[in-house]
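*Asks:* I'll drop the sequence and a predicted model, then ask my questions.
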Amino acid sequence: MVRSSLQYEKPVESYLKPNTFMHWQGHTYRILSRDLRVVTIEDISSPETESQTIGVVDLVVPEGEIPPVYAPTLEKLSEKLQKLQPPSERSADADLPQSLKDKAQLMVKKYKEIERLLAEEKDFVEKAGDIFRRTETLEAICQLGEIDISVATYYNYRDRYREYSGDQAAIAGSFRRPRSFGHSRLADAQLHLVDSAIVKYYMRQPRLRKVSLYEHIMSTYKRTHGLWIDPGQCEGRVPQDLVDQLFDEKLPMQAILDNPEKKRWLVPIKELRRTWVYDRINALEQRPDEGKSIIVARYGEEMWEYEQMIFDHFAHIATRPLQYVFADYCLLKVFIVDHETRSELDRLWLTLLIDAYSRSVVGWTLTYEQPCIDAIQDALLNAITPKDSELTRLGIEGEWPCYGIPLQLSLDNAWSNHSHSLESLAGLISMGGEYSSIDLVFRKPYKARQGALIERFFRGLAAVIKERLKGAIQSNHPKDIHNAAEEACLLFEDVYRFLLEEIVAYQNRPHSELQKMTPNQKWEQGMQSIPPAVPPLTEEVKRYFWREYHQTRTFQSKGIGLFNLHYWSPKLGTSKAPKFERNRPNVKVQYAIRYDPEDISCIALFRNGLYVDDVKAKELRLSNNEYRSVSLWERELSKDLARSDGSALRDWVAYLNSIRDMNETRTVEKKAAQRAAKRLKSGSSSRSKSSKSVNVQSVNEAVNQITTPQDREYQSRLARFAAH
């Protein structure tokens, strides 16, 4: 509890004056009178109780943990209690070493023992009618064997005991020197670098090793030429975008220094020692619940909010549409069926791009495949495309004016988002600097809040799907999943149209976060009736959004070799698509390749980031001068079937052709059998109107007449396909 700091500077008797107040053992008393040895007091919190007398020595040496506090008035007594009451965090000693706790306990014990002996000696001397000499008595008591401390040490104990109001945990914490613990040797700029790295990279699950964090800090220190932000020059607001740029290994330091607005925040700092960084980490780890308060107290709320709630941060600092766009994926909780049999179940993935400024959906795509390169690139293609024609085609009413090239695209850490294809597309879309390029930013692992806004959209969409669509999965319970599968009846195009209608409705719905404006209105306000600059959607531009092959190819005698095919076009070998470099006749030109996995009969060639030409597979050329469309998965399946059938891998095209020919033959046979069965049924009906059943035996005979001896081979191929 508390003890008045003035209490020990004067004799206790000087406070025991009539009509003064005292707080002791949880009660507030008025002092009525006193003599040499006793004091008469009354409890003002309980007026009905009678006055009582206590010994003066009891006030000097309290038996409990509640020493008295004195004041001439109740108001001053209340002020003293508020000032002397220790903060709640001082009593929390769970993170203190045991050695410090033991030291504080011994100090408090000796101090109280000395005070008790002093009070007893004073009472004994005064009863004998002698003069009490405090200094001489104190020196004698300090020399006793069970105490054995110097007078100076006693005064040190006394001052510390008074400073922390006798709180043993707070006294133990004071031995740890909290003002300097963990960062005493660091300047403000150095400390900001360490704290920024800890919050950005270390405070996550699972955590980095300390050595890894230190190496990352040193790499940043060398890349920035020993410069970092001085918080003292930032007037309480550290520019967090500059922190991100300093940590960005892809951004040249000179680009930052060329900006005078950013350069003025930077100061040179000394190289950080490993022990300094480790001490700072240890200091924060020993007080894990105080991590946020420590960062906020030193650098302000913005730093913590920026790192922990980055999406909401961008949503508030965005000044125009397309400045910050976030992408994410969602597996829709609804079953669909195939178009042919209406019995095969499947689920679809939705890829979405949302603008932070207007909360608008900028682009989307719906796929059977899990998140992949093509999904995010198709969504980007949709983002730069005006949506009016698609809405008109499907007869959907409403406006959706949002399109354009995102300046910064934030992605999660899925492997597909780290592809060279997407990184190349981000630069190619600028068309040599004529349009904006895309800055790809990857959200930090294990920080789900960084996709908060787009996740809110997904949650709302999931609720609407459960409410309105047949085959929707109501929960993860096996019974609900089984019921959803039984009810499934929707096709891909049904879900596609439904999602498009929901997006248009969302775009025209007022949002409280936008001050009751709709996303469309906020978008148009930001654009101010000026349409975004996007490249015309030519065939060349569409090729940019195809998947990039991971290797380059050179022009050989048979053309460009890829996928066990040979691609050719009349431009190959000409000046537009040369075989060798112009000034190095012995060096072949390396062509980058982009392709559509849905149709590998045609690929696009690029040279130095520029589109050259489309080249087509000679092996897939048909007799009518057209080309057979083959998907990448069909190629892989045909290779596996050819391998299992003992055919060479290079003959997979011939194998695929034979399978397709057989499928076409069986389709013709099936239709012929159906016509024969229909004729038999018609004849039977004309002969006997009373019979409504079909002669199954006659139908089987008709089918047997049409089928060929190739049935066994066909069944064998189907069996191998099913096994695959």
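*Replies:* Done, it's in. Numbering: from 1, shown residues only.
*Asks:* Could you pull out the buried residues of whichever strand or helix holds A152?
*Replies:* Using DSSP states H and E, A152 sits within helix 151-163. For helix 151-163, the neighbour count (16 or more other CB atoms under 10 Å) marks 154, 157, 160-162 as buried. Where you see a C-beta, it was placed from the backbone N, CA and C, and this is true even at glycine.
*Asks:* which helices and strands does that helix pack with?
*Replies:* With contacts defined as 3 or more CB pairs under 8 Å, 6 or more residues apart in numbering; DSSP states H and E, helix 151-163 has these neighbours: helix 98-127, helix 134-142, helix 168-174.
*Asks:* Nearest to I31, out of the ones you listed?
*Replies:* Closest of the helices and strands packed on helix 151-163 to I31 is helix 98-127, at 18.6 Å (criterion: CB to CB).
*Asks:* pLDDT below threshold where in the stretch 451-600 of the chain?
*Replies:* 451-453, 529 (pLDDT under 70).
*Asks:* circling back: show me which of the buried residues of helix 151-163 is closest to P519.
*Replies:* R160 (61.3 Å).
*Asks:* list the contacts for that closest one?
*Replies:* Under the criterion of CB atoms under 8 Å, 6 or more residues apart in numbering, the contact list for R160 reads 107, 171, 174.
*Asks:* Scan those residues and report the most crowded one.
*Replies:* Counting by other CB atoms under 10 Å, I171 has the largest number of neighbours within these, with 25 neighbours.
*Asks:* out of everything not next to it in sequence, what's closest to that residue?
*Replies:* With CB to CB, 6 or more residues apart in numbering as the criterion, I171 has its nearest non-adjacent residue at 4.2 Å, and that residue is A104.
*Asks:* From A283, how far off is the one you found?
*Replies:* Using CB to CB, to the nearest Å, we find A104 at a distance of 20 Å from A283.
*Asks:* Also R133?
*Replies:* Counting by CB to CB, the gap from R133 to A283 is 47 Å.
*Asks:* which among the buried residues of helix 151-163 gets closest to V534?
*Replies:* Set against V534, the nearest of the buried residues of helix 151-163 by CB to CB is R160 (70.4 Å).
*Asks:* which ones are touching K571?
*Replies:* With contacts taken as CB under 8 Å, 6+ apart, K571 has the following neighbours: 577, 612-613.
*Asks:* quick one: which of the residues you listed is most hemmed in?
*Replies:* Sorting the contacts of K571 by how many neighbours each has (other CB under 10 Å) puts V612 first, at 21 neighbours.
*Asks:* ok, for it, nearest residue in space, not its chain neighbours?
*Replies:* Closest residue to V612 apart from its sequence neighbours, by CB to CB, 6+ apart: L605 at 4.2 Å.
*Asks:* coming back round to it: give me the more crowded residue out of R133 and A283.
*Replies:* Taking other CB under 10 Å, R133 and A283 do not tie; A283 has more neighbours (16 against 12).
*Asks:* What strand or helix carries that one?
*Replies:* Here A283 sits within helix 274-285, counting by DSSP H and E.
*Asks:* what is the mean pLDDT for that helix?
*Replies:* Averaged across helix 274-285, pLDDT comes to 77.
*Asks:* now stretch 217-229
*Replies:* Summarised as a single mean, pLDDT over stretch 217-229 is 90.
*Asks:* chain center to stretch 479-490: distance?
*Replies:* Offset of stretch 479-490 from its chain centre (CA atoms, centre = their mean, to the nearest Å): 33 Å.
*Asks:* Any buried residues in it, and which?
*Replies:* For stretch 479-490, the neighbour count (16+ other CB under 10 Å) marks 484, 488, 490 as buried.
*Asks:* Among those, name the ones in strands.
*Replies:* Among the buried residues of stretch 479-490, DSSP state E puts none in strands.
*Asks:* Between these, which sits nearest L193?
*Replies:* Minimum separation from L193 among these (CB to CB) is found for A484, which lies at 52.7 Å.
*Asks:* Dump the buried residues of stretch 479-490 into JSON lines; add distance to L622 as well.
*Replies:* Listed next are the buried residues of stretch 479-490 as JSON lines, based on distance: CB to CB, whole Å:
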{"residue": "A484", "distance to L622": "43"}
{"residue": "A488", "distance to L622": "37"}
{"residue": "L490", "distance to L622": "35"}
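*Asks:* Would you mind measuring from the residue of the chain positioned farthest from its centre to E136?
*Replies:* Checked against the mean C-alpha position of the chain, the extreme residue using CA atoms, centre = their mean is G129, at a distance of 78.5 Å. According to CB to CB, G129 stands 18 Å off from E136.
*Asks:* Could you work out the most separated pair of the buried residues of helix 151-163?
*Replies:* Within the buried residues of helix 151-163, two members stand farthest from each other by CB to CB: Y154 and R162, at 12.6 Å.
*Asks:* Helices of the stretch 201-350 of the chain, residue ranges please.
*Replies:* In the stretch 201-350 of the chain, helices defined by DSSP state H, counting those that start in this stretch lie at 210-223, 240-247, 253-257, 260-263, 274-285, 291-299, 301-308, 310-317, listed in chain order.
*Asks:* Go through the third one and flag the buried ones.
*Replies:* Pointing back at helix 253-257 there. Buried, per 16+ other CB under 10 Å, within helix 253-257: 253, 256.
*Asks:* hmm, back to that, surely the residue nearest to V612 is in a strand?
*Replies:* Yes: applying DSSP: H, G, I helix; E, B strand; the rest coil, one finds L605 inside a strand.
*Asks:* Look up how far T552 lies from it.
*Replies:* In this structure, L605 and T552 are separated by 10 Å, where distance is defined by CB to CB.
*Asks:* who has more neighbours, the two?
*Replies:* Relative neighbour count places L605 above the other of L605 and T552, with 26 against 14, counting by other CB under 10 Å.
*Asks:* my guess is that one contacts A577, does it?
*Replies:* Yes: counting by CB atoms under 8 Å, a contact exists between L605 and A577, whose distance comes to 6.6 Å.
*Asks:* Mutual contacts of these two, please.
*Replies:* 591, 612-613.
*Asks:* Q168 and E79: what is the separation?
*Replies:* Remark: distance between Q168 and E79 (CB to CB) = 25 Å.
*Asks:* more neighbours, those two?
*Replies:* Taking other CB under 10 Å, Q168 and E79 do not tie; Q168 has more neighbours (19 against 12).
*Asks:* quick one: that one from K222, how far?
*Replies:* Q168 sits 47 Å away from K222, going by CB to CB.
*Asks:* what does Y506 give?
*Replies:* Y506 sits 47 Å away from K222 when distances are taken as CB to CB.
*Asks:* Out of the contacts of R160, the closest to G55 would be?
*Replies:* G55 has its nearest neighbour among the contacts of R160 in M107, at 27.1 Å by CB to CB.
*Asks:* Which residue, other than its chain neighbours, is closest to that closest one?
*Replies:* Nearest residue to M107 in three dimensions, chain neighbours excluded: Y157, at 5.2 Å (CB to CB, 6+ apart).
*Asks:* Buried ones in the helix or strand Y506 falls within, by neighbour count?
*Replies:* When secondary structure is defined by DSSP H and E, Y506 falls within helix 492-507. Neighbour-count burial for helix 492-507, with 16+ other CB under 10 Å as criterion, is recorded at 492, 494-496, 498-500, 502-504, 506-507.
*Asks:* who touches it?
*Replies:* 332, 334, 336, 339, 348, 350, 360-361, 364, 366, 368, 390-391, 394, 396-400, 402, 457, 460-461, 464, 468-469, 518-520.
*Asks:* Please convert the buried members of these into ChimeraX selection syntax.
*Replies:* In ChimeraX, selecting the buried portion of those, with burial taken from 16+ other CB under 10 Å, looks like this:
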select :332,334,336,348,350,360,361,364,366,391,396,400,402,457,461,469,518,519,520
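*Asks:* from the contacts of helix 492-507, which ones fall inside helices?
*Replies:* 390-391, 394, 457, 460-461, 464, 468, 519-520 (DSSP state H).
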